[in-house]
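Q: coords below, sequence missing:
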């Protein structure tokens, strides 16, 4: 191939990528790619280290994400809502400079939490260290994502967020192939470290593109912090509403049972592939109504999971994981409800009504906790998850029928 032909092919490839990123459903494409990578990664982990090792990796990532999101203090969402509009009192760059010190301070507190959690969950110090790195990198990922969206750099946001799951999948593949002759415990530790590395590297690579750190910017920072504090309450409850099953089961059942549940969740939540796109469209003000097409696609995917899970689970994860089939079917139903819930949550934040969102998620968590107490089985916990989503969605929909903040001001 001559150099002119090579340049022509490169130009065509660049044009194809640019058109794909500009497509109306590019966010959905990003999320599908990330979810597919996650499902493949879960297959690799389960095949390599079994349900017990899979449960340990899930514990590391779930608790690392939780501590990281707490450290971000929902300031990423404050940047999107308050620093990206025409009437914004602070620019996105100024906002990022303002929110980084509190996020770093909270990340230091999160490291203390990882030490305490690691002592409870893990017998290997490297898993505890990996959880700490995962938490700190998650917090940075959140605020960098908010900064990119606040600046209107959606294409960069999509490419950057796709890089992490692709890197995670690549690391796991290399580890699974190169460590086949080692003990399962050693492979589990290596994959836990790999999970942390896969989220640290993208953060490190983007640091050079962030605005430099001149004198501290306070102008306009207080509204960001106030909004972040309000959203953080809603965010904590929203996280619990989505993850209380895994958090509770990590304390109530064996790592093997948690592995069964997590495999069912990985398959059942396939219908939730693109829900975050609805949330992003809602919080950025791009959409002010329910994405009926997206809900329909989620329903179709859920139907496929419900019908095909008895074949898919043993074929993909292995015959020993058959107890995950009923979990997958139940959570597929919940995923459709959660899809609509995510979009309505984004629209509430765009209307600057985080306390309403906190209320709906709080009621959902209460329903979830009651269900776990009343039905402490794997299927009982799964049905409790579905019930919590339904209750929160109903409250959100009622609230969205009211006037917006701007209409009230007028």
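A: Here it is on my side, so go on. Note that this is a predicted model, so its numbers are computed, not measured.
Q: which ones are touching residue 323?
A: 260, 378 (CB atoms under 8 Å, 6 or more residues apart in numbering). Every C-beta, even on glycine, is put in place using the N, C-alpha and C of the backbone.
Q: three-state assignment of it?
A: helix (DSSP: H, G, I helix; E, B strand; the rest coil).
Q: Relative to residue 269, how far out is it?
A: Going from residue 323 to residue 269 by CB to CB, to the nearest Å gives 17 Å.
Q: what's next to the helix or strand harbouring residue 361, contact-wise?
A: Under the criterion of DSSP states H and E, residue 361 resides in helix 354-374. Here helix 354-374 makes contact (CB under 8 Å, 6+ apart) with 227, 230-231, 233-234, 237-238, 240-241, 244-245, 248, 345, 348-349, 380-381, 383-385, 387-389, 391-393, 395-396, 399.
Q: Is residue 324 in contact with residue 318, as I believe?
A: No: using CB atoms under 8 Å, residue 324 makes no contact with residue 318, being 10.2 Å away.
Q: Those two: who's more crowded?
A: residue 324 (28 against 15; other CB atoms under 10 Å).
Q: And that one, what's its pLDDT?
A: Residue 324 carries a pLDDT value of 89.
Q: so what's it up against?
A: Going by CB under 8 Å, 6+ apart, the list of residues near residue 324 reads 260, 261, 263, 264, 267, 313, 317.
Q: can you list those in a markdown table and add neighbour count?
A: Shown next, in a markdown table, are the contacts of residue 324 (neighbours: other CB atoms under 10 Å):
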| residue | neighbour count |
| --- | --- |
| 260 | 26 |
| 261 | 28 |
| 263 | 29 |
| 264 | 28 |
| 267 | 26 |
| 313 | 23 |
| 317 | 25 |
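Q: Pipe these into CSV and attach distance to residue 196 and secondary structure per row.
A: What follows is the contacts of residue 324, written out as CSV (distance: CB to CB, whole Å; DSSP: H, G, I helix; E, B strand; the rest coil):
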residue, distance to residue 196, secondary structure
260, 25, helix
261, 23, helix
263, 22, helix
264, 25, helix
267, 25, helix
313, 28, helix
317, 24, coil
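Q: can you list those residues in a markdown table and add distance to residue 201?
A: Output for the contacts of residue 324, formatted as a markdown table (distance: CB to CB, whole Å):
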| residue | distance to residue 201 |
| --- | --- |
| 260 | 31 |
| 261 | 29 |
| 263 | 27 |
| 264 | 30 |
| 267 | 28 |
| 313 | 32 |
| 317 | 28 |
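Q: which one among these gets closest to residue 105?
A: Among the contacts of residue 324, residue 261 lies closest to residue 105 (CB to CB), at 34.7 Å.
Q: hang on, isn't the closest one packed against residue 248?
A: No: proximity of residue 261 to residue 248 does not meet the contact threshold set by CB under 8 Å, at 10.3 Å.
Q: Need the nearest residue in space to residue 285, chain neighbours excluded.
A: residue 350 (4.9 Å; CB to CB, 6 or more residues apart in numbering).
Q: same thing with residue 164?
A: residue 202 (4.9 Å).
Q: now that neighbour: how far from residue 209?
A: 12 Å.
Q: which one of the two has more residues nearby?
A: A side-by-side neighbour count of residue 202 and residue 209, using other CB under 10 Å, places residue 202 first with 21 against 12.
Q: Now the closest residue to residue 358 other than its chain neighbours: which helix or strand?
A: Using CB to CB, 6+ apart and skipping residues adjacent in sequence, the residue nearest residue 358 is residue 234, 3.8 Å away. Here residue 234, judged by DSSP H and E, is contained in helix 221-252.
Q: got the buried residues for that helix?
A: 221, 223-224, 227-228, 230-246, 248-250 (16 or more other CB atoms under 10 Å).
Q: just stretch 267-286 next, same as before
A: 267-285.
Q: Same question for stretch 32-41.
A: So for stretch 32-41, counting by 16+ other CB under 10 Å, buried means 33, 34, 35, 37, 38, 39, 40, 41.
Q: Done for today, thanks.
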